[in-house]
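Asks: Prediction below, plus the sequence it came from.
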Amino acid sequence: MKRMYAVSTRLDMTDELRRYLEDYIAFYNSIERRVFYDICHGIPSEMGMSRYISHICSSYGILKRTANSIRFDMQGRINAYLELKKTELSQISIKIQSIRKKIVKLESCVSEFKPLARNNTLDKKGLSEYKNMRSSLYYQKNRLNKLCQRKSVLEQQIKDKAVSLCFGTKKLFDAQNRLDGNGFRSHDGWLHIFQNRRDSGVFFLGSSDESCGNQILQIKPCEDGFLMQLRKDKPYEVDGKHLFTNIKFRYMENEIISALGDNRPMTYRISRKGRKWYLTVMFYINTNIITDSESGVIGIDYNDGFMELVETDKSGNMVNAEHVSLECHGAGSKAESEIKEKISRIVKMASSKKKDIVIEDLDFKKKKAKQNKGENAGYNRMLHLFDYHRYAFWLENLCIKYGVRLTKVNPAYTSVIGKKKYSNSRKLTVHRAAAFVIARRGQRFCDKLAA
């Protein structure tokens, strides 16, 4: 099993390294924008990608590996943009379907009230309801029209592969039109901030056939962490080819050393945030699965504010249960740190017991798309705070890291079956009973509602 991991650390900057990066980052990002434009508008077929890369190298005097890194990074941004538009299209399609159902229902109600209103047979309350329904129908039709137009635009955008990105963010770019309102004293001050945001990163693509997994930037273990060696690009080789500095990683040092020893591709990104510089290393981890479901599994029922764990044996019987509370809510860093800590403990426990983890395969995209602003505010808030995506993301990452198999099962009726079949007979809470059903479903035991 293989998965990409990214680990970041702050760079210990030398004067020489700082001067080089501050000058090189603007040069590098200008090439990025040129390559992005060329890819979006189509590279001539007679040139092909290989000749185009050679053309970029000769035009700017850069290394071929630098040009390939830029091309790979820009193509990735374009692909991500198009995938985002496909997701938006899917969400809008769900909203359109939901609004059309509401319109049909409203039109039916309005047609029933209309003859009564025409004959003045409605009381004050009924007349008020009739006016509200007509008003709601009008606004729903307007909203449907706007969504249909937006859907048409997205479909054409995806078909034409038309990509529109603002390097440095569109919000900051538009701030030049309202300098005072955005905290800028002058246009020069805004321009400096915008250029720093736009030119904020350098990308170095790794390869397994290169020394230490990367030709341009290499890290090597040493007594005090790692020694970073950065090769200068051709226009900057006047006073030497390489720059050096020491770096340390707070996490996954052993995994990084293992990846370097196996000569796996090591991809790096140097980024600037204010006056600080950071190095991010991206590499694959290969993990062997050390768990199975023969001796039982650990089922997890994830809820807003807590998790219920149930451990089973090989026969699907409950042998242990635990309530794990989650005190922090929302998308903040505290909530993320808490959920990572709790999940890490659960995965380590599963690894030590050699048991698979079973969870529900939930997807709230459709439910979130159907929610209207101001409608059922309590349910909307619950969906916002119920951060299943981050929970599943960290659980998958840690399961791969520790060699634990993660099984996702159909979530249909787990709570209903748990409540009716196990909650009363075994004195279990509804959520613990649901976790028990999830665990048994992961072991392929069939729990059905009585007819």
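Replies: The structure has been received and is ready for your questions.
Asks: rest of the way, CA atoms for contacts and neighbours
Replies: Noted.
Asks: which regions of the stretch 151-300 of the chain lie under the pLDDT threshold?
Replies: Under the criterion of pLDDT under 70, none of the stretch 151-300 of the chain is flagged as low confidence.
Asks: Okay, strands next: where are they in it?
Replies: Chain-ordered strands for the stretch 151-300 of the chain, with DSSP state E, counting those that start in this stretch as the definition, fall at 201-204, 217-222, 225-231, 242-247, 267-273, 276-286, 292-303.
Asks: Name all residues that make contact with Arg250.
Replies: Residues counted as contacts of Arg250 (CA atoms under 8 Å, 6 or more residues apart in numbering) are Thr9.
Asks: how much space between Gly296 and Leu165?
Replies: Distance from Gly296 to Leu165, counting by CA to CA, to the nearest Å: 50 Å.
Asks: swap that for Glu32, sorry
Replies: For Glu32, the distance to Leu165 equals 12 Å [CA to CA].
Asks: Thr312 and Ile298 touch, don't they?
Replies: Yes - with contact defined as CA atoms under 8 Å, Thr312 reaches Ile298; the gap is 6.5 Å.
Asks: Need the strands of the stretch 151-300 of the chain in a markdown table (columns: distance to Gly181 and mean neighbour count).
Replies: Compiled in a markdown table, the strands of the stretch 151-300 of the chain are given as follows (distance: least, CA to CA, whole Å; neighbours: other CA atoms under 10 Å):
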| stretch | distance to Gly181 | mean neighbour count |
| --- | --- | --- |
| strand 201-204 | 28 | 21 |
| strand 217-222 | 42 | 18 |
| strand 225-231 | 41 | 17 |
| strand 242-247 | 40 | 17 |
| strand 267-273 | 23 | 19 |
| strand 276-286 | 27 | 17 |
| strand 292-303 | 42 | 23 |
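Asks: Format those as CSV; extra columns: distance to Leu147.
Replies: Output for those, formatted as CSV (distance: least, CA to CA, whole Å):
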stretch, distance to Leu147
strand 201-204, 36
strand 217-222, 47
strand 225-231, 50
strand 242-247, 50
strand 267-273, 37
strand 276-286, 39
strand 292-303, 32
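Asks: closest one to Ser108 among those strands?
Replies: strand 292-303 (38.0 Å; CA to CA).
Asks: And that closest one, what does it pack against?
Replies: strand 306-312, strand 355-360, helix 430-442 (3 or more CA pairs under 8 Å, 6 or more residues apart in numbering; DSSP states H and E).
Asks: among these, which is nearest Met349?
Replies: Across the helices and strands packed on strand 292-303, the minimum distance to Met349, taken as CA to CA, is reached by strand 355-360, at 8.7 Å.
Asks: Direction included, what does that closest one pair up with?
Replies: According to DSSP bridges, the neighbouring strands of strand 355-360, each with its direction, are strand 292-303 (parallel), strand 406-409 (parallel).
Asks: so which of those strands gets nearest Ile70?
Replies: Between Ile70 and those, the shortest separation by CA to CA is 35.4 Å, and it involves strand 406-409.
Asks: could you point out which element follows that closest one?
Replies: helix 414-417 (DSSP states H and E).
Asks: Can I get that next one as PDB, trimmed to CA atoms?
Replies: This file holds the C-alpha atoms of helix 414-417, laid out as PDB (Å, rounded to 0.1, in the frame of the first residue of the first chain):
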ATOM      1  CA  THR A 414     -26.700   1.200  11.000                       C
ATOM      2  CA  SER A 415     -28.300   3.400  13.800                       C
ATOM      3  CA  VAL A 416     -31.800   2.000  13.200                       C
ATOM      4  CA  ILE A 417     -30.600  -1.600  13.300                       C
END
